[in-house]
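>>> The following block contains a protein sequence and its predicted model.
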Amino acid sequence: MSPSSIFYLVLVIASTGFSQTFLKIGANQAYKNKFVLAYLNPYTLIAYILYLLVTVFTVYALKDIPLKLFYSTTSLKFVLVLLLSKIVLREKIDSRKIIAVGLICLGVIIFNI
Amino acid sequence: MKWLLNQERFETKLILLFGLIIFPVFLQAASGICGKYAAIEVKDASLFVAVTNGFYFLSLIFLILQAIAWQLTLIIYPLSYAYPFTSLVNFVILIFSAILFQEQITLYNVLGLILISFGILILSRNLGEDT
């Protein structure tokens, strides 16, 4: 596993986390019945660009990281999304969400053994 | 749309949960499955053949539908509540890869899914309203 593929792996996790956060900020732009505003705003656009970049970073990361290890490691995106929800979106994070994400991460890791 | 969650009716919340959280997961799985069919069909072909393959096209369509549906999900639900549900895609993919592609289901797959299920179960005790 080369340092560059680890770098791309980190980029995959970070871009996924930020992409979801931007999507949520974009979704918050919708009000009343104007759903289309949730799609047509800079935040959602940035999120979709980040999401496309994730697919590119994934290809580079997978150059010398086995697929199963890749999937296990990227389960950290669930932790990152939880952190960003708290820090950026100011969502309420209770112990139930923390336990759920912990179990899911562990589950994804074991699933990919 | 958020007012839908503030309603008292349990059924409404349950329909929303299935329609807006579980449905995008199925779309994501469908995209992956079509991608696999495309990969089987274009095994040693050029990039041009790959992007003109019907399954590849279908895979993209499902991906776009997933993106549209997921944005509706995020209008209603907090991200920290909705996102962990995407791990359910492992379930759908595993079942379909066993049925359609005769791939093996290992003990680790089953153990992993049991843990994921417990996580989802703990999360969905609350239907998304007070977060």
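That came through fine.

>>> so which residue of chain A comes closest to chain B?
residue A:111 (2.7 Å; Cβ to the nearest Cβ). (Each C-beta comes from the backbone N, C-alpha and C, glycine too.)

>>> if I pick the closest residue to that residue other than its chain neighbours, what's in contact with it?
With sequence-adjacent residues excluded and distances taken as Cβ to Cβ, 6 or more residues apart in numbering or on different chains, residue A:111 is closest to residue B:112, at 2.7 Å. The neighbourhood of residue B:112, defined by Cβ atoms under 8 Å, 6 or more residues apart in numbering or on different chains, consists of A:107-113, B:90.

>>> Give the buried subset of those as a PyMOL selection command.
A single PyMOL command selects the buried members of those (16 or more other Cβ atoms under 10 Å in any protein chain shown):
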select buried, (chain A and resi 107+108+109+110+111+112) or (chain B and resi 90)
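
>>> Let's have the contacts of residue B:112 in TSV, adding pLDDT.
As requested, the contacts of residue B:112 are arranged in TSV below (pLDDT from 0 to 100):
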residue	pLDDT
A:107	95
A:108	94
A:109	93
A:110	94
A:111	92
A:112	89
A:113	86
B:90	88
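
>>> now, which of the contacts of residue B:112 sits nearest residue A:4?
Ranked by distance to residue A:4 (Cβ to Cβ), the contacts of residue B:112 are led by residue A:112 at 22.3 Å.

>>> Surely the closest one is in contact with residue A:73?
No - applying Cβ atoms under 8 Å, one finds residue A:112 not in contact with residue A:73, separated by 9.3 Å.

>>> How about residues contacting the worst-scoring helix or strand of chain A on mean pLDDT?
Taking mean pLDDT, DSSP states H and E as the measure, chain A has helix A:67-73 as its least confident helix or strand, at a mean of 89. Outside of helix A:67-73, the residues within contact range by Cβ under 8 Å, 6+ apart are A:9, A:13, A:58, A:61-62, A:65, A:108-109, A:111-113.

>>> Okay, now the unreliable bits of chain A?
Residue ranges of chain A with pLDDT under 70: none are present.

>>> one more time with 90, if that's ok
Low-confidence regions of chain A, defined here as pLDDT under 90, cover residues A:1-5, A:30-37, A:55-56, A:58-69, A:71, A:112-113.

>>> And the next helix or strand past the longest helix seen in it?
Among the segments of chain A that qualify as a helix by DSSP state H, the longest is helix A:3-27. The first helix or strand that comes after helix A:3-27 along the chain, using DSSP states H and E, is helix A:42-61.

>>> Give me the residues contacting that following helix.
The contact list for helix A:42-61 (Cβ under 8 Å, 6+ apart) reads A:4-5, A:8-9, A:11-12, A:15-16, A:18-23, A:25-27, A:29, A:38, A:70, B:67, B:71.

>>> Make sure residue A:23 is actually in contact with residue B:73.
No - applying Cβ under 8 Å as the test, residue A:23 and residue B:73 come out as separate, 9.5 Å apart.

>>> which parts of chain B sit against chain A?
B:1, B:67-68, B:70-72, B:74-75, B:78-81, B:83-84, B:87, B:90, B:106, B:108-109, B:111-120, B:122-123, B:125-126, B:130-131 (Cβ under 8 Å from any Cβ of the partner chain).

>>> Give me the buried entries from the residues you listed.
B:1, B:67, B:70-72, B:74-75, B:78-81, B:83-84, B:87, B:90, B:109, B:112-113, B:115-120, B:122-123, B:131.

>>> element containing the residue in chain B positioned nearest to chain A, please.
Closest residue of chain B to chain A, Cβ to the nearest Cβ: residue B:112 (2.7 Å). Element membership for residue B:112, per DSSP H and E: helix B:107-124.
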